[in-house]
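Participant: Coordinates for the following, if possible.
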Amino acid sequence: MRGLSRRDLLGHMGSGLGVMAMADLLKADGLLKGDQIDINPSAPHAARRPHFAPRARNVVVIFCSGALSHLDSFDYKPELIKRHDTPLPGGDDLVTFQGANGNVHQPLYPFRPRGECGKMTSDLLPNIGELSDDLCYIHSLHTKTATHGPGENCMSTGFILEGFPSMGAWATYGLGSECEDLPAFVAIPDPRGVPQSSINNWGPGFLPAAFQGTPFNAATPVRNIARPGGVSAEKDRATRAYLKELNETHMRRYAGDSELAARIASYEMAARMQLSVPEVTDLSSESKQTREMYGTDDANATKAGFARNCLLARRLIERGVRFVQLFNGAYAMGEGKGNWDGHRQLKTDYDIHGPILDQPAAALIRDLKQRGLLEETLVVLCTEFGRMPTFQAGTQGRDHNPSGFTAVLAGAGVKAPFSYGTTDEFGWKAEENPVSVHDLHATILHLMGLDHKRLTYYHNGLERRLTDVHGEVVRGILRS
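Facilitator: Sure, this is the predicted structure:
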């Protein structure tokens, strides 16, 4: 095979640069626009028409940071019990993320039939399991990486690299919001801190900054929106009115200055949030029965904090926030200490994490249903990847497994009770009806009335999208 000469290399480079230049010229002439959305800088979150009739008006993503083990929660594999403490077939000399693996290990929590449908789920998350009549399980997810940061990036943005827009940013770019006094996209960090990939999970990437998620939770308010202590409400209103007059005068002189229009819109939203955020984060108006259902006053401070975050998520959805990303688990607390990364002592770690997630998350789904909100709200419980059917050599925990894991959906437009896809008999690899992260993203957008192939943004010579050049809607889980 002939190598590439310097002449060939320069020729190919010249052709590539020519294609890029032509793409920019076509774009400038409006001939390469595709389905890009025209955003009014002065009202970037104005509600926009979907591509087709949506089933979901809102989305809540419950992101379990650290890789929740599907084998100890939702994916029942009797073969693990039958083959307990024997070598994994086909796993000779298997080396995964942290090294060598030991023998197959049975689930660390008993599985039992739940709900009228009899779905087998484990005692790790019994309250969520009891909702199985309302849940859709996807058991055949797979992803591109076995590393936490890139895995979180992939689940939240569709790419393992940083710098790409999050799914909440894409959704609000496509649809805007029907809520005028709260952000269109809210990220609710865990009481223990932020996930490993931090703001990449809710960042705008190359989309306009207006579409990034606004991070706050029930304990930590939005930063920098409170009125300074020495400024009265009357003076604050007068100052804002005068500033608005100056901005409008400037806009008349420099019509078409989109950056100024966007900044004005941002400041005006911040002013409205001075009233709306304290109200939505004040849980005292909730009934005692509701607070007890979520566990907001639980003796376990972390569980109580997460419960308040779940209740906050419901209140945000109730007020029309388009996309809420709710995090369970945090990084930088030590391996498995603050999240689901059970490498060394999975049972000990999960005995702590299970109760923190289970009651509050189940209460959120129940509460949305009893208030009639679940019919138009899609709830997605997911994690960055799964865990191995073996224990790591010399440990009491499971290593990372990108080849097969589970996500749980509820609400708008999805079948329930329903299970879709399978992993193999050991829960190692997706086998029947494999579902990629791109497929999951395409399905979420579809339920929101958005065609993932048409929802694009031109960046660096390419029409970019959440699903890259991949992804198919998982129609097998959709209600007719």
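Participant: and stretch 59-73, how far apart are its ends?
Facilitator: By CA to CA, to the nearest Å, the extent of stretch 59-73 from end to end equals 23 Å.
Participant: List the contacts of A67.
Facilitator: H148, G151, W340, D341, T383, E384, F385, G386, R387, H400, F405 (CB atoms under 8 Å, 6 or more residues apart in numbering). Just so you know, the C-beta spots here come from the backbone N, C-alpha and C atoms, and that holds for glycine as well.
Participant: give me that answer again for 7 Å
Facilitator: W340, D341, T383, E384, F385, G386, R387, H400 (CB atoms under 7 Å, 6 or more residues apart in numbering).
Participant: Show me the shaky parts of the chain.
Facilitator: 1-4, 6-35, 256-258, 332, 334 (pLDDT under 70).
Participant: And the helices in it?
Facilitator: Taking DSSP state H, the helices of the chain run over residues 6-28, 78-82, 126-129, 148-157, 167-175, 233-253, 258-281, 288-294, 301-318, 346-370, 437-447.
Participant: Single out the most deeply packed of these.
Facilitator: For those, ranked by mean neighbour count under the definition mean count of other CB atoms under 10 Å, the leader is helix 167-175 at a mean of 27.
Participant: The nearest residue to Y254 once chain neighbours are set aside: what's it in contact with?
Facilitator: Closest residue to Y254 apart from its sequence neighbours, by CB to CB, 6 or more residues apart in numbering: L260 at 6.9 Å. L260 makes contacts with H250, M251, Y254, as judged by CB under 7 Å, 6+ apart.
Participant: right, and N201 touches S156 too?
Facilitator: Yes: the pair N201 and S156 qualifies as a contact (CB atoms under 7 Å) at a distance of 4.2 Å.
Participant: intersection of neighbour lists for these two?
Facilitator: With CB under 7 Å, 6+ apart as the test, N201 and S156 both reach S166.
Participant: Correct me if wrong: T86 contacts V104.
Facilitator: Yes: using CB under 7 Å, T86 is in contact with V104, at 5.6 Å.
Participant: Counting neighbours, go ahead and name the busier of these two.
Facilitator: V104 (25 against 10; other CB atoms under 10 Å).
Participant: which ones are touching the more buried one?
Facilitator: Here V104 is in contact with L80, R83, H84, D85, T86, L88, P389, T390, F426 (criterion: CB under 7 Å, 6+ apart).
Participant: Same list (the helices of the chain) but as a markdown table, adding distance to F111.
Facilitator: Shown next, in a markdown table, are these (distance: least, CB to CB, whole Å):
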| stretch | distance to F111 |
| --- | --- |
| helix 6-28 | 54 |
| helix 78-82 | 9 |
| helix 126-129 | 9 |
| helix 148-157 | 25 |
| helix 167-175 | 31 |
| helix 233-253 | 57 |
| helix 258-281 | 38 |
| helix 288-294 | 25 |
| helix 301-318 | 23 |
| helix 346-370 | 14 |
| helix 437-447 | 24 |
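Participant: returning to what we had before: which of the contacts of V104 are buried, as a PyMOL select command?
Facilitator: Buried members of the contacts of V104, defined by 16 or more other CB atoms under 10 Å, are picked up in PyMOL with:
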select buried, resi 80+83+88+389+390+426
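Participant: In the contacts of V104, find the pair that's most separated.
Facilitator: Distance extremes for the contacts of V104: the farthest pair is D85 and F426 at 13.4 Å, using CB to CB.
Participant: residue contacts, the residue nearest to A412 when sequence neighbours are not counted?
Facilitator: Sequence neighbours aside, A56 is the residue nearest to A412 in space, at 3.7 Å (criterion: CB to CB, 6+ apart). By CB under 7 Å, 6+ apart, the contact set of A56 is E376, T377, L378, A412, G413, L447, M448.
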